[in-house]
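> 3D, please:
(3 chains)
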Amino acid sequence: MSALLDHLPELWQGLLVTLQLTVASFAGAAVAGTVITALRVSPVAVLRLLGTAYVETFQNLPLLVLLVLAFFGLPEIGIKAEPLTTAIVVIALYEAAYVAEALRSGVNAVARGQGEAARALGLTFGQSLRHVILPQALRTVVQPLGNIFIATTMNTALAGAVSVVELTTAANRVNLVEAQPIPIFVGAGLAYALIAACAGFVTGRLERRLVMVR
Amino acid sequence: MKKMVAVVALSLLGLAACGGTGSTGGSAVPPGDAQPAASDLLAKAPVADPAAIPPGSTMDKIRKRGELIVGGSLDAPLLSQQNPATGQVEGFDADLGKALAKYIIGEPKVKIVNSASETREALLANGTVDVVFQTYTITPERAEQVSFAGPYYVSGLSIAVKKGTTGIARPQDLNGKKVIAGANTPAIPAIKKVAPQAEIITFGSDPECVQALKQDRGVAYVQDETLLVANAKKDPAIQVVGNPFTQDPYGIGLKHGDEQFKAFVNDWLKKIQAAGVWQQAWKNSLGTVVQGEAPAPPQIGSVPGS
Amino acid sequence: MSLLFDEPGPRARRRIRIATVAGTLAALALTALAIRQFGANGQLATERWEPYATWPMWRYLLTGLWSTALAAVATAALSMALGLLLALGRLSDRRWVRAPSAAYVEVVRVVPALLLVYVVLFALPRYGLDLPLFWKLVVPLTVSNAAAFAEIFRAGILSVERGQSEAGLAVGLTRAQTMRLIVLPQAARRVLPSIVSQSVGLLKDTSLGFVVSYGELLYSGRVLANYNGLLIQTFVVVALIYLAVNASLSKLARTLERRSAARA
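As a prediction, this is how the structure comes out:
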């Protein structure tokens, strides 16, 4: 137990980095995912193709491979960023594919008449998407988005591979010094559970507020 | 159902075909440490006097099995690195393992169990492996859980920088700087000891650390000296500064308390050193990057814990 | 698709054409720029790619892929079995079965797989349980994926109309028989696409094998990079292999989805 308490500052720092990674990359994923969804339902075939190719690529590659490839590969094409920034961007782009997939099923779940009504009112594609379809789609996907948020939290653990000292890496380092794996890893596990529990609570509240009863 | 099998099968075929057409390119095996001398080395390696292997001993069990099970790595260049072209494991540790197998069995038959460094004690204790050859530094703390034969080699950690870097000459100069190290390597505690103010950033493998150094993710890379020398030789952008700042005596890990086996392995070490096999193994591996003759092997039993 | 736009008129058609050209050009320009920069840094030099035109390198990577497949199949089989038990447990009407099953799913769902790998790798050997390499990867992945499969199965079972099981009970089947003969077969068919996509996720998870140094595809890639020093090239090749395999599996999931949709 003392191993846990002695190294509380390092673990706390790791937790902060994990939170930073999670929140920033989920926000990025939400934005990028929305854009990709727009591409995938647009009337332009090339854009639809690009959107689909994006989702296919990012869903079918292990995040770990993406992280390492981006971290070492991007500087070779002239893009170099801090490890934390790189990790945030890569995780955001990776999770964006899942967000896009969830949003698309949400868009498909919006009643047909809604889109037709929007067009009958003379709204353009962009307007009907922004004012009519997406707000309704979002409501049906609160739960799936909550799950993606939790998955994002779990996936930030892989940022350690590109030298970001987040919670799992911090726990591993403490364990290398103290060799007390059980209290250290259980402590880290509890911290993750706590983040997920908060996310679950928030999505529960959101859902009750937003979901329309049909 | 049929269709999906076809899809998977096709994609696999496609992959195989890619490789197949490529193979007409010839035997462009990447530059590595080709070692025609390896078989030569093993031919020279001694075989134990049958009287040295009493029935019921660990050596006897290994001989009856016909195979020595070694705990080691596949990704330690110069020491124990798998050659993807042949599937063979090459390097100093790997060769010594084969030589030990020949000493016991009469033939260099080994099976390498790839072991993460944290689990070596457990692997030895429950008998999964007979011996561990894996840059296993002898320490009194470890000696409470395993027995060490040797030391058979002394290495040390060194510092590499990008060519042209100034201001780093001694380990203390690392204070306040970003220092690259391999994840889960002994470099991490060593840096913390000599330069407590250094910020350590870690990567999973040696080429990643080298790439990170070249991309200025950190100003220095701390690693075993021989590995750094090998990297500097391959890549002119990297240079090694100063001498090693630690002394790590490597031992051969054995099951704790098996004094008979330990004495036997120590005997073998003396024999291969006298026969020049040890020196040859060094020349074939570490000697390809370090200049000069093979160093004098360390005195057996000369460090606490051995 | 026609949900969001009508059959385009002449102006819309012109706009679509412009967007098509602009989109294509932007994508091509970005790709070309990236490749040019990549080449300018010497990463496209022939000798850096040559090793991957030789059979031994591919043989080594495909051996790694085979190990990946073995680990993935073992994990999938075990975690589906465990997941089914957990799903049934969560739907049981006995509290002492329901509560632990629910607790397992809720807890494991929120613990990173990497953390579970560390526990098996570092913690268990101290208590005398040192698993062989293969199981050091398969056990934590099974523990973590079982929770996901449990949720998939539970959703499938709940999606079968009540009337089905009521009818089963009405003709005199026991609860167990109803579940086995009537509900599960229908549920299994509905969740097949989710199972395949979860399996893709699981296959991606096996890349954690490099942490335990189990010789799967990513670890093989690292050993290769260690040997030839071609870090970026090796990772590009490894990524392409993952992409080819997983894209086939995803395609399979979509085919199944379409087929089950057509049947319903």
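> Could you point out the helix or strand that follows whichever strand or helix holds B:Leu96?
Using DSSP states H and E, B:Leu96 sits in helix B:92-105. Where DSSP H and E defines the elements, the next helix or strand beyond helix B:92-105 is strand B:110-114.
> Parallel or antiparallel, which strands does that following strand pair with?
The pairing partners recorded for strand B:110-114 under DSSP bridges are strand B:68-72 (parallel).
> Name the residues that touch the strand it pairs with?
For strand B:68-72, the external contacting residues (C-beta atoms under 8 Å, 6 or more residues apart in numbering or on different chains) are B:62, B:80, B:89, B:93-94, B:97, B:100-101, B:104-105, B:109-115, B:120, B:123-124, B:128-134, B:253. All C-beta spots, glycine's among them, are computed from the backbone N, C-alpha and C.
> Check stretch C:204-211 too.
Contacts of stretch C:204-211 (C-beta under 8 Å, 6+ apart): A:60-65, B:204, C:67-68, C:71-72, C:75, C:113-114, C:117-118, C:121, C:137, C:140-141, C:144-145, C:215-219, C:222, C:242, C:246.
> Which residue lies nearest the spatial centre of the chain?
In the absence of a named chain, chain A is used. A:Phe26 (3.7 Å; C-alpha atoms, centre = their mean).
> ah, I was thinking of chain B
Nearest to chain B centroid, counting by C-alpha atoms, centre = their mean: B:Leu79, 3.5 Å.
> contacting residues for it?
So B:Leu79 contacts B:73, B:91-94, B:135, B:226, B:285-286 (C-beta under 8 Å, 6+ apart).
> got the residue ranges for the helices in the chain?
All of this is about chain A. Using DSSP state H, the helices of chain A run over A:2-6, A:8-40, A:45-60, A:63-73, A:83-109, A:112-120, A:125-127, A:134-140, A:142-155, A:167-178, A:181-210.
> wait, I meant chain B there
Along chain B, the stretches classed as helices by DSSP H are B:2-22, B:37-44, B:58-65, B:92-105, B:120-125, B:187-194, B:206-214, B:225-234, B:259-275, B:277-284.
> could you dump those to CSV with mean pLDDT?
Shown next, in CSV, are the helices of chain B (pLDDT from 0 to 100):
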stretch, mean pLDDT
helix B:2-22, 40
helix B:37-44, 75
helix B:58-65, 89
helix B:92-105, 91
helix B:120-125, 81
helix B:187-194, 88
helix B:206-214, 91
helix B:225-234, 85
helix B:259-275, 91
helix B:277-284, 89
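> unless I'm mixing things up, B:Ala99 is touching B:Ala43, no?
No - applying C-beta atoms under 8 Å, one finds B:Ala99 not in contact with B:Ala43, separated by 10.6 Å.
> If you count surrounding residues, which of the two has more?
B:Ala99 (25 against 10; other C-beta atoms under 10 Å in any protein chain shown).
> State the distance from that one to B:Ser39.
Note on B:Ala99: its distance to B:Ser39, by C-beta to C-beta, to the nearest Å, is 12 Å.
> other SSEs contacting the helix or strand in which C:Ala69 is found?
Using DSSP H and E, the element containing C:Ala69 is helix C:55-90. In this structure, helix C:55-90 packs against helix B:2-22, helix C:95-108, helix C:133-159, helix C:184-205, helix C:209-212, helix C:217-228, helix C:231-263, with contacts taken as 3 or more C-beta pairs under 8 Å, 6 or more residues apart in numbering or on different chains; DSSP states H and E.
> Now do the contacts for the residue nearest to B:Gly251 when sequence neighbours are not counted.
Among residues not flanking B:Gly251 along the chain, B:Phe148 sits closest, at 3.4 Å (C-beta to C-beta, 6 or more residues apart in numbering or on different chains). B:Phe148 sits next to B:136, B:138, B:142, B:251-254, B:262, B:305-306 when contact means C-beta under 8 Å, 6+ apart.
> per-residue pLDDT, the residue lying closest to A:Ile77 once chain neighbours are set aside?
The shortest distance from A:Ile77 to any non-neighbouring residue, by C-beta to C-beta, 6+ apart, is to C:Gln37 (3.8 Å). If you check C:Gln37, the pLDDT there is 85.
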